[in-house]
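# need the 3D shape of this:
(2 chains)
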Amino acid sequence: DAGVIQSPRHEVTEMGQEVTLRCKPISGHNSLFWYRQTMMRGLELLIYFNNNVPIDDSGMPEDRFSAKMPNASFSTLKIQPSEPRDSAVYFCASSFRLGQFFGPGTRLTVL
Amino acid sequence: KNEVEQSPQNLTAQEGEFITINCSYSVGISALHWLQQHPGGGIVSLFMLSSGKKKHGRLIATINIQEKHSSLHITASHPRDSAVYICAVWSYGNKLVFGAGTILRVKS
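This next block holds a predicted model:
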């Protein structure tokens, strides 16, 4: 298995633009997590899904952020409109029972 | 006060030394994670535990639920163990709270 796949790996955009981050979890995993990591705040859980259903989105910073999981093999995290303070590394992780497998992350820079 | 506190913040060790990283938390938890983040940024889940002790290779994780404390031990440390080690707890409210991380550097 290729592991958790995230795309793009790097994204540079201008303030106000829409950004879409993508994640393909490991086949057979039933939980998916979106994280954000910044120097100031460290790692934060944004939202997680069980069996494609959002369980807890209380970590989503504001309405500009939205996440979907239309099927078991794909999830998106969208930021619209983006702001410079959204610059961070965004990780996706998937799990089945114990432990989590992390993707390589998407480094987002909003100018 | 943070709900999850790690110590030390920074740790430098000589190759071969036994290393201990501590994690204390103030909330009731259902499980605790230890994560490793390499200098390149990749994150690996090392352990998820809710009681007792787990061992994987040279890594050992223990948890004391009554004392709200967990330790990560590395035996016979090696420069390739240099990374940031992060403790995270699942609270009963299904919130995942992270510690600030411990930066470990193992010198040869």
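# and residue 80, what does it touch?
Since you didn't name a chain, this refers to chain A. Shown in contact with residue A:80 (CB atoms under 8 Å, 6 or more residues apart in numbering or on different chains): A:18, A:19, A:64, A:66. Backbone N, C-alpha and C define where each C-beta goes, glycine included.
# please refer instead to chain B.
Residue B:80 neighbours (CB under 8 Å, 6+ apart): residue B:106.
# and it, which of the three is it?
Under DSSP: H, G, I helix; E, B strand; the rest coil, residue B:80 falls in the helix class.
# next one: it, what pLDDT does it get?
Model confidence at residue B:80, given as pLDDT, is 95.
# now swap in residue A:98 and tell me
The predicted local confidence for residue A:98 is 69.
# what of the one 3 residues further on?
pLDDT recorded at residue A:101 is 91.
# with residue A:53 instead?
Residue-level pLDDT assigned to residue A:53 equals 94.
# from residue B:31, how far out is it?
For residue A:53, the distance to residue B:31 under the criterion CB to CB, to the nearest Å works out to 20 Å.
# settle it for me: which of those two has more neighbours?
residue B:31 (16 against 8; other CB atoms under 10 Å in any protein chain shown).
# and that one, which helix or strand is it part of?
strand B:29-37 (DSSP states H and E).
# tell me what that strand is packed against?
strand B:19-25, strand B:43-49, strand B:69-74, strand B:83-91 (3 or more CB pairs under 8 Å, 6 or more residues apart in numbering or on different chains; DSSP states H and E).
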